[in-house]
Structure formats: C-alpha cells, structure tokens
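> No letters, just coordinates:
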C-alpha cells in the first residue's frame, strides 16, 4: 500500500504484479473521500484506515468500498477537524488524531464519535502522532507538548520544554516503539527517547 500527497491510494499486488489506484469520485459515496493522504494503518480486523485532508476513510477488507468519516463543521457524529494525521485501533475504538480538533474517538460498534480537547486536559488540539505504550496508555505528540493519555479514565498528563523536551512541537509520523518498550519521537529540534516507566 502506498499513500500519495495528491493522487490517492495505490495498491500493488505482488503476486499478480498489478497496480490499483483508489481516487475520489464525487458520484460514488463509497470512493476514497480525499486524495491527499497523511497516514495509512490497519485496524484489528484488517481493514485499511486512511487519514487524509478531509477526514478518515476505511477500506473494508476484501472489498474496494470505503466507509467515510468526514468533517462536517459541528454536526453530531462527524469529525471535529478535516485534517487527520494519525489513527490507532484499540479493539473497541478508533483514536483519530486531528490537526486542530483534538482527539476524536470513533466507537466501532455504535459509530458514535466523541472528542477530547484542551478543555479535557490535552496539551494542544493539533495532534501529530499517536503511539501506544500498552492497551491502556497512549502517547500523543502535539503542536505544544507531549500528552500521556489514560484510555479508560481519559485523563492526561502533559510534558513540555520545562520537563526536558527540546521542542514543544512534534513531527507527523516521526515515532517508533522498540521491542523493549522504549519510545522514540521526533520534534522540530531533534529526537527524544524515553522508557515510560522511567519518565
């Protein structure tokens, strides 16, 4: 799978040596919602999640149809911002990092969407990266600091430059967790690494 900046999604079938391109078709509600893609990831069921500049699209496994979750400016059960920079599936919910609308949480069963923002303790509503520590904690790189989110309680603990981060601004897609649990994240002033139990 290849994500492009303005030409949609590309699937290369290695066995058949064939390329399939998925683009937006305004006449087809099941086509890809937007062609400028920021992140691709798989959910727990093997469906492809595509975060782009107009929300989130999920390609159903074994089909060529997308379920689209667009930004609709204040309407219930829609995304709170059009720019989706990262996604993570914990099994019950899909966590959607937006650029300006905070964290959007899609309940996979009910399809309801709830929101976590600075009003709830998030350090900034522009989230670039999500990296899970385990099944109960997510680390969020934002435009103004690092947030530790407890999934069950939905409580935050925030870290800023006074805590040793070289910059409050993190980078999109610049994240990694190694097999020993150490987390690496990129900022605009260099790389940070930490073991969560020692932070």
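That came in fine, so what should we check first? Remember, it's a predicted structure, so these values are computed and weren't measured experimentally. Numbers count the residues shown, from 1 in each chain.

> Spatially central residue for this protein, please.
Ranked by distance to the mean C-alpha position of the chain (Cα atoms, centre = their mean), the top residue is residue 86 at 1.8 Å.

> So residue 66 versus residue 193, what's the distance?
36 Å (Cβ to Cβ, to the nearest Å). No exception for glycine: its C-beta is placed from N, CA and C like everyone else's.

> So these two - more neighbours on which side?
In this view residue 66 and residue 193 are compared by other Cβ atoms under 10 Å, and residue 66 has more residues nearby, 23 against 10.

> got the contact list for the more buried one?
Contacts for residue 66 (Cβ atoms under 8 Å, 6 or more residues apart in numbering) come out as 22, 30, 31, 32, 33, 50, 57, 58, 59, 60.

> Does residue 24 touch residue 36 like I think?
No: using Cβ atoms under 8 Å, residue 24 is not in contact with residue 36; the gap is 9.8 Å.

> Beyond the lengthiest strand in the chain, next helix or strand please.
Secondary structure of the chain per DSSP state E: the longest strand is strand 170-177. Under the assignment DSSP states H and E, the closest C-terminal helix or strand after strand 170-177 is strand 183-187.

> Follow the chain on from that following strand and name the next helix or strand.
Immediately after strand 183-187, counting by DSSP H and E, sits strand 190-194.

> List of residues touching that next one?
With Cβ under 8 Å, 6+ apart as the test, strand 190-194 has contacts from 165, 166, 167, 174, 182, 183, 184, 185, 186.

> where do the helices sit along this structure?
Using DSSP state H, the chain contains no helices.

> Where does pLDDT dip in it?
Judged against pLDDT under 70, the chain has no low-scoring part.

> at 80 what do you get?
73-74 (pLDDT under 80).

> Please indicate which of the contacts of residue 66 are buried?
Taking 16 or more other Cβ atoms under 10 Å as the criterion, what is buried in the contacts of residue 66 is 22, 31, 32, 33, 50, 57, 58, 59.

> Quick check: closest non-adjacent residue to the third one.
This means residue 32. Take residue 32 and drop its neighbours on the chain: the residue closest to it by Cβ to Cβ, 6 or more residues apart in numbering is residue 22, 4.8 Å away.
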